[in-house]
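>>> here is a sequence together with a model predicted from it:
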Amino acid sequence: MEGLRRLGWGIRRHRLISLCIVLLSMIVLSGLFAPQLAPNDPNFVDLIHKLEGPSTQFPLGTDQLGRCLFSRLLYGTRISLSLALLIVTSCLAVGLVIGSAAGYIGGKIDSLIMRICDAILAIPSLILAISLIAVWGAGWKQMAIALIIVQSVYYARFIRGMVRNIKQQNYVTAARIAGTSPLRMMTRHIIPNLLPPLFIVVTLEIGWVIMDISALSFIGLGVQSPTPEWGAMINDGKSLLRSHPRLMIVPGLMIFCMVALLNLLGEFLGERKGFTKSIRKMAKEARGS
Amino acid sequence: MVANSPLSRTKDGGVMSLLIVDHVTKTYTSSHWFRAKRKEEEAALSGVSFVVEPGMCMGILGESGAGKSTLGRIVLGLLPPDSGRISFNGVDLYRATRRERKRLRRDLQVVFQDSYSAVNPRMSVLQIIGEPLRNFERLSAQEERRVVAGLLETVGLVTDDMHKHPQQMSGGQLQRVNIARAIALKPKLIVLDEPVSSLDMIVQKQILYHLKELKEKYGLSYLFISHDLLAVNVLSDRVAIMDKGKLELMLKES
Ligand SMILES: Nc1ncnc2c1ncn2[C@@H]1O[C@H](COP(=O)(O)OP(=O)(O)OP(=O)(O)O)[C@@H](O)[C@H]1O
Ligand SMILES: [Mg+2]
């Protein structure tokens, strides 16, 4: 409560951040209500109206198959966001279990888990994801699973580090001496103190995952063509880059806005809590750069 | 040093001691999968022996790095010694069964130096002091409030403080909260690891006075760790000086 109120204060004072939050909510809402907001069926092919400019019927014009660009963009938001959320939540669940087990138990189990994670992290994550998809075949399910596997490792490492850090705090020792059981220690001391930094990481991470999804879909490994997704839409439009740059710029701009907004928000939250630097370092590590 | 340790004299006295620390040795080793253990590391504790009687305060005086906190952690059952024996209330602390340990846990409490780091920043004072109660006693929410209010009063705070969070309190007030948590289960021994070192002189005095009062009121025993001779003097019945992991000499107060 206290924290929320203090955060509220900061937000009201920072115009940029309030704007950022308003824009993000608009994007999320437009994705959520895409079926209600879209003026046309996003997959309806209408060759008579192909490559038209913006009009009242097609607010952003149409693509080479005469599909409404605006409607496709709205549905694309829905798909990108829900995929990103699915991936991030799964990673979070896997990472929490593995990371907190390794961090809390420590010893040999911890060393073993961390060596495996190191081995996986040694390969740049996108390349690993691509190789996994190459084995399983292209498609959004395969892409989601590949990204979950690759990203979970990073979550596990991050959470393990945090848990170890919290475990060393005097208040955990004091609670142990007060007779607190390991389970209660997890739920009352460790996880509550883990959540704020984790929340910030997730904010940043959603942006990066959206980027990954678009990148993989752009090269044809993720969401497949008729389904509107930002990366796939850019791919569809790339042959018409010279004559109709709109087809690439519009979805490209969406990706850019989404990632930029989420990064701004994440950085802001991190700065308020005073751990941006460490998080930036970890995000860098996760990207394998 | 081992030969003329005070234990040999006090051990065969008739009274059962509350805490017996018998030739305790501890060396921190940095064990690692791919690295051999180094042997020549310096011992944090070597052959430390002393006893604490019920209702007595044992002062351990020593410079930084002498091994005082290590001793405290071993006595609290947090860090197994390499050799030697810790007997608390007649039970060997590191060879006790789970049930015995759980029972001992109640009687053995701690107050750390840094009052802020010793409490979870997301908990209220009520939750902090209520934690040991919740772990060992089945109280209704109302009873818990009453007990916590009583404890707050005992350590010189007011009932309304129970709704505060650590950030809203001063270091001295928060140290009183830590003391309240330590005495909540009416323990037999409290390890005080530099409990007043981070506070200013006046607050130090008040808290030491309070600790002394509590000791007399509940018949508590203390293991009082400090590098401040004056602070040790106020509270301790007996003082040992620790240097480089060894208990050098015992001063007995009259
Ligand atoms: N977790 C640890 N791992 C390795 N070495 C440690 C660890 N804790 C303490 N030591 C070492 O053991 C020795 C004793 O440390 P200890 O913390 O017991 O000293 P202290 O007397 O409490 O000092 P201070 O007054 O600064 O608190 C020091 O040399 C320290 O470097
Ligand atoms: Mg110390």
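Structure received. Ligands and ions are numbered 1, 2, ... in the order given.
>>> where in chain B is the helix or strand with the lowest mean pLDDT?
helix B:7-10 (a mean of 41; mean pLDDT, DSSP states H and E).
>>> only the buried residues of the longest helix along chain A, if you could.
Identified as the longest helix of chain A according to DSSP state H is helix A:69-105. Residues A:69-81, A:83-84, A:87-88, A:90-92, A:94-96, A:98-104 are the ones in helix A:69-105 that count as buried (16 or more other Cβ atoms under 10 Å in any protein chain shown). In short, each C-beta sits where N, CA and C put it, glycine included.
>>> need the contact list for the closest residue to residue B:189 other than its chain neighbours.
Spatial nearest neighbour of residue B:189, excluding adjacent residues (Cβ to Cβ, 6 or more residues apart in numbering or on different chains): residue B:221 at 4.6 Å. Residues counted as contacts of residue B:221 (Cβ atoms under 8 Å, 6 or more residues apart in numbering or on different chains) are B:18-19, B:52-58, B:188-190, B:215.
>>> out of these, who's nearest chain A?
Minimum distance to chain A across the contacts of residue B:221 is 10.1 Å, recorded for residue B:190 (Cβ to the nearest Cβ).
>>> give me every residue that touches the closest one.
Each residue near residue B:190 by Cβ under 8 Å, 6+ apart is listed here: B:109, B:110, B:111, B:182, B:183, B:220, B:221, B:222, B:223.
>>> the one helix or strand the first one maps to close to chain A?
Put plainly, it is residue B:109. Secondary-structure assignment from DSSP states H and E places residue B:109 in strand B:108-111. Yes. Judged by Cβ under 8 Å from any Cβ of the partner chain, strand B:108-111 and chain A are in contact via B:108, B:109, B:110.
>>> related to what we said a few turns ago, closest one of the contacts of residue B:221 to residue B:173?
residue B:190 (18.7 Å; Cβ to Cβ).
>>> partner residues bridging that closest one?
Under the criterion DSSP bridges, residue B:190 forms beta bridges with residue B:109, residue B:222.
>>> ok, now which ones touch residue B:144?
Residues near residue B:144 by Cβ under 8 Å, 6+ apart: B:126, B:130, B:133, B:134.
>>> the second one belongs to a strand?
Spelled out, it's residue B:130. No. With DSSP: H, G, I helix; E, B strand; the rest coil as the criterion, residue B:130 is located in helix rather than a strand.
>>> using the three-state scheme, assign the residue nearest to it when sequence neighbours are not counted.
Leaving aside its sequence neighbours, residue B:130 sits nearest to residue B:144 (Cβ to Cβ, 6+ apart; 5.2 Å). Following three-state DSSP, the label given to residue B:144 is helix.
>>> now residue B:144: how far from residue B:177?
Noted for residue B:144: a distance of 15 Å to residue B:177, by Cβ to Cβ, to the nearest Å.
>>> ok, now which ones touch residue 91?
Assuming you mean chain A. Contacts for residue A:91 (Cβ under 8 Å, 6+ apart) come out as A:148, A:151, A:152, A:154, A:155, A:205.
>>> you looked at the wrong chain, it should be chain B
Contacts for residue B:91 (Cβ under 8 Å, 6+ apart) come out as B:100, B:104.
>>> what are the phi and psi angles of it?
The phi/psi pair for residue B:91 (degrees, to the nearest 10) reads phi -110, psi 130.
>>> then residue A:64?
Main-chain dihedrals, residue A:64, degrees, to the nearest 10: phi -70, psi -10.
>>> in a strand, residue B:156, correct?
No. Under three-state DSSP, residue B:156 sits outside any strand and is assigned coil.
>>> residue contacts, it?
Applying Cβ under 8 Å, 6+ apart, the residues near residue B:156 are B:176, B:206, B:210.
>>> for ChimeraX, write the select line for the buried members of those residues.
Restricted to buried positions by 16+ other Cβ under 10 Å, the ChimeraX selection for the contacts of residue B:156 reads:
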select /B:176,210
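>>> hang on, the earlier thing: residues making contact with the strand holding residue B:109?
Taking Cβ under 8 Å, 6+ apart as the rule, strand B:108-111 contacts A:173-174, A:177-178, B:72, B:75-77, B:88, B:118, B:132, B:175, B:178-179, B:181-183, B:185, B:187-193, B:195.
>>> can you narrow the residues you listed down to the ones near ligand 1?
When Cβ under 6 Å from any ligand atom is applied, no member of those is adjacent to ligand 1.
>>> among those, which are in strands?
Within those, residues falling in strands by DSSP state E are B:88, B:189, B:190, B:191, B:192, B:193.
>>> looking at those, which is nearest ligand 1?
Distance to ligand 1 across the ones in strands among the contacts of strand B:108-111 (Cβ to the nearest ligand atom) is lowest for residue B:193, with 7.3 Å.
>>> which residues are in contact with the closest one?
By Cβ under 8 Å, 6+ apart, the contact set of residue B:193 is B:68, B:69, B:72, B:110, B:111, B:112, B:113, B:225.
>>> next, the buried residues of stretch A:133-146.
Within stretch A:133-146, the residues scored as buried using 16+ other Cβ under 10 Å are A:133, A:138, A:140, A:142, A:143, A:144, A:145, A:146.
>>> what's the mean pLDDT across it?
Across stretch A:133-146, pLDDT averages out at 92.
>>> where does the prediction get shaky in chain B?
Filtered on pLDDT under 70, chain B yields the residue ranges B:1-15, B:30-41, B:252-254.
>>> can you give me the neighbour number for residue B:95?
Residue B:95: 11 surrounding residues under other Cβ atoms under 10 Å in any protein chain shown.
>>> one more: the one 5 residues further on?
Here the count is done by other Cβ under 10 Å, and residue B:100 has 15 residues near it.
>>> tell me the contacts of it?
Residue B:100 neighbours (Cβ under 8 Å, 6+ apart): residue B:91.
>>> for it, grab phi and psi.
Dihedral pair for residue B:100: phi -60, psi -40, per degrees, to the nearest 10.
>>> residues of the stretch 1-150 of chain B that sit close to chain A?
Neighbours of chain A within the stretch 1-150 of chain B, by Cβ under 8 Å from any Cβ: B:33, B:76, B:78, B:102, B:105-106, B:108-110, B:112, B:114, B:117-122, B:131-132, B:135-136.
>>> give the contact list for the residue in the stretch 101-250 of chain B that ligand 1 sits nearest to.
Closest residue of the stretch 101-250 of chain B to ligand 1, Cβ to the nearest ligand atom: residue B:227 (5.5 Å). Going by Cβ under 8 Å, 6+ apart, residue B:227 touches B:61, B:62, B:63, B:64, B:68, B:194, B:197.
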